[in-house]
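Chemist: the sequence and its predicted three-dimensional model are supplied below.
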Amino acid sequence: MAGATTPASGALVRVCLPPLLLLFLYGCCRCGAVERERTLAMIKPDGLSGKYTEKIKAAILDSGFHIVKETEVQLDAERASLFYVEHSQRSFFDSLVKYITSGPVLAMVLERHDAIAQWRALIGPTDARKAKTSHPNSIRAMCGLDSEKNCVHGSDSPESAAREISFFFGEADSVDEYLGASVEGLTPHDENLASVASYTEFSETDLQIVIAKDG
């Protein structure tokens, strides 16, 4: 109609949608989203004492990771033995515990798509001597010395990531708690989706939602 005014840009329009349709539409909006994963990264004593922290963090961020949280701690022999309990029967165990307790470590929770595999690729082979040849651009090639003093650590599976994140940022104070850590929460929880799902659980009527109209 000539001369009629149109709603201003950003005006709010109230509409009603059935709960299941709302979930469907939300899923369509999310279809192109990439699922993100979390892993545990640790800069070992030689990495911190060698002042490689900022270079390592720069490599992390440049590779598309988000540092969700971090903590610098000094492990004692008991805590270090718990962290490396899977190696407790190996000949190098005592040496490993002595090394990892020789100074503070920096533990970080990293997040991005395929975080576990991508972080392992970024740090390079376990033996830093091999990394210098086969993966010269890796973190271990940059600051590692050998297979023990290799500067950084990375979880090798979702189960390991869950255990190790719980070790530094949760309440894993015993072997049973450490080995029993759940992989739930390793993929960041989508609070928006949970909120939508809760509406469908408690409402049997159409939902009223507010949509911003560009006008």
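Modeler: Arrived safely, thanks for sending.

Chemist: show me which helix or strand of this protein is least confident by mean pLDDT.
Modeler: When each helix and strand of the chain is scored by mean pLDDT, DSSP states H and E, helix 191-202 comes last, with a mean of 29.

Chemist: ok, Leu48 - contacts?
Modeler: Applying CB atoms under 8 Å, 6 or more residues apart in numbering to Leu48 gives the contacts Glu72, Gly103, Pro104, Val105, Leu106. Every C-beta, even on glycine, is put in place using the N, C-alpha and C of the backbone.

Chemist: ok, the second one - contacts?
Modeler: Residues near Gly103 by CB under 8 Å, 6+ apart: Pro45, Asp46, Leu48, Ser49, Gln74.

Chemist: ok, the first one touching Ser102?
Modeler: Yes. Pro45 lies in contact with Ser102 (CB atoms under 8 Å); the separation is 4.9 Å.

Chemist: give me the more crowded residue out of those two.
Modeler: More neighbours surround Pro45 than the other of Pro45 and Ser102, with 19 against 15 (other CB atoms under 10 Å).

Chemist: sec struct for the closest residue to the more buried one other than its chain neighbours, please.
Modeler: Using CB to CB, 6 or more residues apart in numbering and skipping the chain neighbours, the partner closest in space to Pro45 is Gly103 (3.4 Å). Three-state call for Gly103 (DSSP: H, G, I helix; E, B strand; the rest coil): coil.

Chemist: same question, the one 3 residues further on
Modeler: Using three-state DSSP, the structure places Leu106 in strand.

Chemist: make residue 1 into 24 and carry on from there
Modeler: Taking 24 as the first residue, the last one we looked at is Leu129.

Chemist: just checking, it touches Thr76?
Modeler: Yes. Contact criterion CB under 8 Å: Leu129 and Thr76 qualify, at 6.4 Å.

Chemist: so for these two, which sits in the more crowded spot?
Modeler: Leu129 (20 against 15).
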